[in-house]
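Trainee: Sequence and predicted model, in that order:
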Amino acid sequence: MPYFDAASSAPLHPVARQALQASLDEGWADPSRLYREGRRARLLLDAAREAAAEAVGCRPDELVFTPSGTHALHSAISGALAARRRVGGRLVVSAVEHSAVLHSASSWESSGGSVTEVGVDRLGSVSADDFAGALGPGTALACLQSANHEVGTEQPVDAVAAACREAGVPLLVDAAQSLPWGPVRGDWSLLAASAHKWGGPAGVGLLAVRKGVRFAPQGPADERESGRAPGFENIPAIVAAAASLRAVRAEAAEQAAGLRGLVDLIRTRVPELVPDVEVVGDPVRRLPHLVTFSCLYVDGETVLHELDRAGYSVSSGSSCTSSTLTPSHVLRAMGVLSEGNVRVSLPLGTSREDVDGFLQVLPRVVAEVRERLGAPAPAPVEPSGRDASLVVDALGRRCPIPVIELAKVIGDVPVGATVTVLSDDGAARLDIPAWCVMRGQEYVGEQEAERGVAYVVRRLV
């Protein structure tokens, strides 16, 4: 059964499994002790640190191991901001950062700091000039991911790092998604990553802080990991993480070429096989193994369940999940369709047969879900000219129903007339304008209604 959610967590790499099993017998002792078992554990820890630092592109004494990538990001942000309080209290982030960064930003804002968010284009990329323009006086720290976890778009880290250096602002890079494919370019100041993204064991993160970067670890002081990650080191997991990172890097070029070809196939074939689909993210400047697309008139949760029943494990940034009723912040920032979102991220070793099987199953799954939801047929509906305008009451109905109801009636008004959709679903604010772009209609705007929001669409075709 193909697993296509490597961006969330990659399967354990064979080298990681071997290293983990071997180090369980050798790395159990306290590496801070001077007796034989402690020295052996210290040697393993030091060797792992050197291997990880080489992959990151930093000095071994600049890198510490943390309990997770999220912990690394939280520690990096809190430590850098605390060390630069005299400079100012402003944190600059992109609008599509991982939730771990945005949660830290929200916490910082709640404690009295300020946060400036830099927007992205429809491909999910920040403008280096816009980012540089946000680095005003009082900026203590800037954060930019190397590549987006939902749509795969690579960010211009090198150009942003140069702007940060010129402005005297340290740059924290979240490299969780890109580190398996190569080191992060640019003169960054701090970097965080997570082992389970490259096939290492869960529970190991990396935090690199360049020499000369002011950093003040928060919380009670601890003598381990330079005081930046308190607690007893999980040496077997750390050894496995470093060994698998080195192994993944050794085969990165060959694997990237193969996976990029498979992703190109998905990007090309999905719009041909499934009507009313938007493939999102940069088609060129992207991770080699990840592609995201959104399907009109379906909800992502149902599509994921049906694909799972067919044997394919994928992810979604759709708003229609059991855990949230708001759209993905990444898709929202890009201004693209959020309903029916599917993220496919291929693990190492994915075959053409696996992808061909997925492409055979997907059209049937989407068609069945659309039929179940009463979605309109893909063919355009001829205007009847009966009504000059229509109001669609979709209050209390969740994504993708408001867009489905809009699509059903757009042909019942003449060209130039409008349809007003009443909705209290937050996803409609993103999905109705996106539908208009995809179907060549005009999104007039929105206004507050007695209940919910009134979204106005003018028929053009």
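Mentor: Arrived safely, thanks for sending.
Trainee: my guess is Y443 contacts R429, does it?
Mentor: No - taking contacts as CB atoms under 8 Å, Y443 lies outside contact range of R429: 10.6 Å. All C-beta spots, glycine's among them, are computed from the backbone N, C-alpha and C.
Trainee: which residues do those two both contact?
Mentor: Counting by CB atoms under 8 Å, 6 or more residues apart in numbering, the shared contacts of Y443 and R429 are Y455.
Trainee: quick one: R185 from E371, how far?
Mentor: 48 Å (CB to CB, to the nearest Å).
Trainee: So if I had to pick from those two, which one is more boxed in?
Mentor: When R185 and E371 are compared for neighbours, R185 comes out ahead with 15 against 11, by other CB atoms under 10 Å.
Trainee: Okay, domains of this protein per the record?
Mentor: Residue ranges for each domain of the chain read 14-250, 252-373, 389-458, as given by automatic domain parsing.
Trainee: quick one, which of these is nearest to A7?
Mentor: Each of those has some distance to A7 by CB to CB; the shortest is domain 252-373, at 3.5 Å.
Trainee: Turn the domains of the chain into TSV, columns for distance to F4 and mean pLDDT.
Mentor: Putting the domains of the chain into TSV (distance: least, CB to CB, whole Å; pLDDT from 0 to 100) gives the following:
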stretch	distance to F4	mean pLDDT
domain 14-250	13	95
domain 252-373	5	90
domain 389-458	22	90
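Trainee: out of these, nearest to M1?
Mentor: domain 252-373 (4.3 Å).
Trainee: could you pull out the strands for the stretch 351-461 of the chain?
Mentor: 389-393, 418-423, 442-448, 453-458 (DSSP state E, counting those that start in this stretch).
Trainee: Which secondary structure elements does the last one sit against?
Mentor: Where contact means 3 or more CB pairs under 8 Å, 6 or more residues apart in numbering; DSSP states H and E, strand 453-458 is packed against strand 418-423, helix 428-439, strand 442-448.
Trainee: who wins for proximity to A208 among the ones you listed?
Mentor: So among the helices and strands packed on strand 453-458, helix 428-439 is nearest, using CB to CB, at 35.6 Å.
Trainee: Not counting the closest one itself, show me its contacts.
Mentor: 276, 278, 294, 296, 319, 327, 331-332, 335-339, 394, 399-400, 402-403, 406-407, 410, 421, 423, 441-443, 446, 453, 455, 457, 461.
Trainee: Please identify the buried residues of it?
Mentor: The neighbour-count check on helix 428-439 (16 or more other CB atoms under 10 Å) flags 428-436, 439 as buried.
Trainee: With stretch 203-212 instead?
Mentor: 203-210.
Trainee: Could you do stretch 451-461 as well?
Mentor: 452-459.
Trainee: Tabulate the residues you listed (CSV), appending distance to A51.
Mentor: As requested, those are exported to CSV (distance: CB to CB, whole Å):
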residue, distance to A51
G452, 55
V453, 53
A454, 58
Y455, 54
V456, 58
V457, 56
R458, 60
R459, 61
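Trainee: For P363, state which of those residues is nearest.
Mentor: Closest approach to P363 among the buried residues of stretch 451-461 (CB to CB): V457, at 27.4 Å.
Trainee: got the contact list for that closest one?
Mentor: 406, 410, 418-421, 432, 436, 441-444.
Trainee: hang on, the earlier thing: just the buried residues of stretch 203-212: which are in strands?
Mentor: Among the buried residues of stretch 203-212, the members falling in strands (DSSP state E) are 205-209.
Trainee: what's the following helix or strand after whichever strand or helix holds L44?
Mentor: Assigned by DSSP states H and E, L44 belongs to helix 36-56. Per DSSP H and E, the first helix or strand lying C-terminal to helix 36-56 is strand 63-66.
Trainee: helices and strands around that following strand, which ones?
Mentor: helix 36-56, strand 205-209.
Trainee: one more time with 10 Å, if that's ok
Mentor: Packing partners of strand 63-66 (3 or more CB pairs under 10 Å, 6 or more residues apart in numbering; DSSP states H and E): helix 36-56, helix 69-83, strand 190-194, strand 205-209, helix 235-250.
Trainee: hang on, the earlier thing: export the contacts of V457 to TSV and append columns for distance to R285.
Mentor: As requested, these are exported to TSV (distance: CB to CB, whole Å):
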residue	distance to R285
L406	33
I410	35
T418	38
V419	37
T420	39
V421	35
I432	29
C436	27
Q441	30
E442	31
Y443	28
V444	33
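Trainee: ChimeraX command to pick out the buried ones of the residues you listed?
Mentor: The ChimeraX command for the buried members of those (criterion: 16+ other CB under 10 Å) is given here:
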select :406,410,418,419,420,421,432,436,441,442
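Trainee: check which helix or strand covers the residue nearest to the spatial centre of the chain.
Mentor: By CA atoms, centre = their mean, the chain has its centre lying nearest to H149, at 2.3 Å. Using DSSP H and E, H149 is not contained in any helix or strand.
Trainee: tell me the secondary structure for the residue nearest to it when sequence neighbours are not counted?
Mentor: Once flanking residues are discounted, H149 sits nearest to Q177: 5.2 Å by CB to CB, 6 or more residues apart in numbering. Following DSSP: H, G, I helix; E, B strand; the rest coil, Q177 is assigned to coil.
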